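Trainee: Sharing a model that was predicted from the sequence below.
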Amino acid sequence: MTSGNETDGGTASAGLSTDSILARMDRIPVWTLPRSYLAIIGIGYFFTFFDIADIGYTMPAIAKQFRLTGSEALFVALAVGLVGYAVGSIVIGGISDRLGRYRVLIATLTITAIGSFLDATATGVVTLTIWRFVTGIGVGADLNLVSTYIGELAPARRRGRISTLTFLVGILGQAVTPFVALALVPNFSYGWRLMFVLGGLIATIGVVARFKLPESPRWLALHGRLDEADKVVRQMEQGAARRGIPLAEPQITEVSAEHHTFPYRALFARPYGTRLGVLVAMWFFWYIGNYAFLGDAASLLSAHGTSIADSILFLGIGAVGYPVGAIIMAVIADRVERRLLIFGSTIVWLAGMILIGSMASNAILTLGSFLASLALGLYLQVAYTYTAELFPTRARSSGFSLSDGIGHGGGAVGALLLPTVIGATSFFIGFLGIGITGLIAGLIALLGPRTSGRRLEDVSH
């Protein structure tokens, strides 16, 4: 065992130890840092989901202007962005375990802002491909780090709720994107460029706002920067005092040596190797349908007789389900075990895909879109929270990035495969298929460990 008083660098003030700082954090029952921090993180989430959605809505216009074939459009819209997403998540996510969350959070959103502005300048398929790759790098890394960062700051019994409330700000990005696209894309030849410029502006606002955020005290403490960690924890304790929240005496538990020195290869050994396998499979199957729906739905509906404007409208009305799902999850996230919540979300997803695939009427199509969006609002943040919880602080970002980054291979498979399946069979079979892959993701999640309400250090053992 390693003593909590040992540090990786510098001399800490007398009485400070890694174990005492973690214990002081874990006794705080609610979020006591400024609530503006949650809104600041939410702005980054907003851009992430705006960007994930906007390419699907702009691609029909881009394909027409650049005279792209269906396969070229899919390659640029989804495959390239997803490759960048995986690269950014895995490479930059791993860097944050070494350099800290704060600095890398600034860098990732800066990359996404630059990428989005460059997307708007594309002059053809080559430049658009390059810029979508750059944007994907930033988006993938940022989504990884936001979930890791919030999980490390939030109290154990409110971790699910706080993560979901932050996510609620972000998921509005997917809810409003179709309406912004409806106003811009069908009405202006350069409307798709304005979509990317708007995304870049949102990301820039997020970058500036993030300079106010503190470093994760868990990361600081476990890297020997105890005075800095103590400063953040004192801010949390003072926030509790101002709100009249009594704090119990810290229950100090010794942190295992594993947390002080955690080689990357240990992620592939027990228990983390098993967890990594479950999470990679869960995300792979989920992203098959996720990206097929977000990237292909507007184009596929248009190809089956619905105008671009109407297809965006149907999906846009249904997108109200995103914030509704997030609100529901904010209420129940810490009351029900997260594995069960993930599974329940995938049942809603399957129902939505069946209704969309039926194309029985405009009303049914809109209802299916609502259920699909509701499922995404329910699933995503609880699954992100769950993924970040299963790894130790020393390797939390690395574990998340491998799970989510490799899992995104499923997104490329789904986005490229769905049009082929529909062409070979039927519209209904194609959407039923991505509904079933989502349900499989929920079943896989049931294989993971329990996390709700538990200290991160307890879950990571």
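Mentor: Yes, it's here.
Trainee: Okay, now the unreliable bits of the stretch 301-450 of the chain?
Mentor: 302-312 (pLDDT under 70).
Trainee: Okay, strands next: where are they in it?
Mentor: For the stretch 301-450 of the chain, no strands turn up when DSSP state E, counting those that start in this stretch is the criterion.
Trainee: Mind checking which residue lies nearest the centre of this structure?
Mentor: L143 (4.3 Å; Cα atoms, centre = their mean).
Trainee: what kind of secondary structure is it in?
Mentor: helix (DSSP: H, G, I helix; E, B strand; the rest coil).
Trainee: Now it: closest residue in space, sequence neighbours ignored.
Mentor: T48 (5.3 Å; Cβ to Cβ, 6 or more residues apart in numbering). C-beta: built from backbone N, CA, C; applies to glycine.
Trainee: Near the one you found, how many other residues are there?
Mentor: For T48, the count of nearby residues is 27 (other Cβ atoms under 10 Å).
Trainee: Which positions within stretch 17-34 qualify as buried?
Mentor: Across stretch 17-34, burial judged by 16 or more other Cβ atoms under 10 Å covers 17-26, 28, 31-33.
Trainee: Then stretch 357-369?
Mentor: 357, 359, 365-369.
Trainee: ok, which pair from the residues you listed is furthest apart?
Mentor: G357 and T366 (14.0 Å; Cβ to Cβ).
Trainee: Mind telling me what element the residue nearest to L143 is part of?
Mentor: T48 belongs to helix 36-66 when assigned by DSSP states H and E.
Trainee: List the buried residues of that helix.
Mentor: 37-38, 40-63, 66.
Trainee: so what does it touch, helix or strand wise?
Mentor: Here helix 36-66 touches helix 70-74, helix 101-120, helix 125-153, helix 159-184, helix 191-210, helix 272-303, helix 308-318, going by 3 or more Cβ pairs under 8 Å, 6 or more residues apart in numbering; DSSP states H and E.
Trainee: now whatever helix or strand comes next after the shortest one and helix 125-153, what's the angle there?
Mentor: Moving toward the C-terminus from helix 70-74, the first helix or strand encountered (DSSP H and E) is helix 80-87. Between the axes of helix 80-87 and helix 125-153, defined by axes from the mean of the first three to the mean of the last three Cα atoms, to 10 degrees, the angle is 40 degrees.
Trainee: And the contacts of helix 80-87?
Mentor: 55, 129, 132-137, 139-140, 291, 405-406, 408-409, 411-412, 415 (Cβ atoms under 8 Å, 6 or more residues apart in numbering).
Trainee: 7 Å instead?
Mentor: For helix 80-87, the external contacting residues (Cβ atoms under 7 Å, 6 or more residues apart in numbering) are 55, 129, 132-137, 139-140, 291, 405-406, 408, 411-412.
Trainee: Quick check on the residues you listed: which are buried?
Mentor: By 16+ other Cβ under 10 Å, these give 55, 129, 132-137, 139-140, 291, 405-406, 408, 411-412 as buried.
Trainee: Looking at these, spot the one nearest F285.
Mentor: Checking the buried ones among the contacts of helix 80-87 one by one against F285 (Cβ to Cβ), the nearest turns out to be G411, at 10.7 Å.
Trainee: I'd like to know how far that closest one sits from L417.
Mentor: 11 Å (Cβ to Cβ, to the nearest Å).
Trainee: Could you do A375 as well?
Mentor: A375 is 20 Å from L417, by Cβ to Cβ.
Trainee: Neighbour count for the two, which is higher?
Mentor: Neighbours per residue (other Cβ under 10 Å) separate A375 from L417, with A375 holding more: 29 against 17.
Trainee: The nearest residue to the more buried one once chain neighbours are set aside: what's it in contact with?
Mentor: The shortest distance from A375 to any residue other than its chain neighbours is 3.6 Å, reached at W349 (Cβ to Cβ, 6+ apart). Neighbour list for W349: 289, 372, 375, 435, 438 [criterion: Cβ under 7 Å, 6+ apart].
Trainee: how about 8 Å then?
Mentor: 289, 371-372, 375-376, 379, 435, 438-439.
Trainee: want to throw those residues into TSV with distance to Q251?
Mentor: What follows is those, written out as TSV (distance: Cβ to Cβ, whole Å):
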residue	distance to Q251
G289	43
L371	44
A372	44
A375	39
L376	38
Y379	34
G435	45
G438	40
L439	41
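Trainee: All the helices of the stretch 351-461 of the chain, residue numbers only.
Mentor: 362-389, 396-407, 409-424, 427-445, 456-459 (DSSP state H, counting those that start in this stretch).
Trainee: So E254: helix, strand or coil?
Mentor: coil.
Trainee: neighbours of it, just the number please.
Mentor: 13.
Trainee: Am I right that it is in contact with S20?
Mentor: No. At 10.6 Å, E254 does not count as touching S20 under the criterion of Cβ atoms under 8 Å.
Trainee: For V208, see how far away P250 is.
Mentor: Distance from P250 to V208, by Cβ to Cβ: 36 Å.
Trainee: Compare the two (neighbour count), which wins?
Mentor: Using other Cβ under 10 Å, the more surrounded residue of P250 and V208 is P250, with 16 against 12.
Trainee: any idea how far F211 is from that one?
Mentor: 31 Å.
Trainee: Residue ranges in the stretch 151-300 of the chain under the pLDDT threshold?
Mentor: 255-264, 295-296, 298-300.
Trainee: In contact with the closest residue to F188 other than its chain neighbours, which residues?
Mentor: What sits nearest to F188 in space, not counting adjacent residues and going by Cβ to Cβ, 6+ apart, is L194, at 7.0 Å. With contact set as Cβ under 8 Å, 6+ apart, L194 has these partners: 120, 184, 188.
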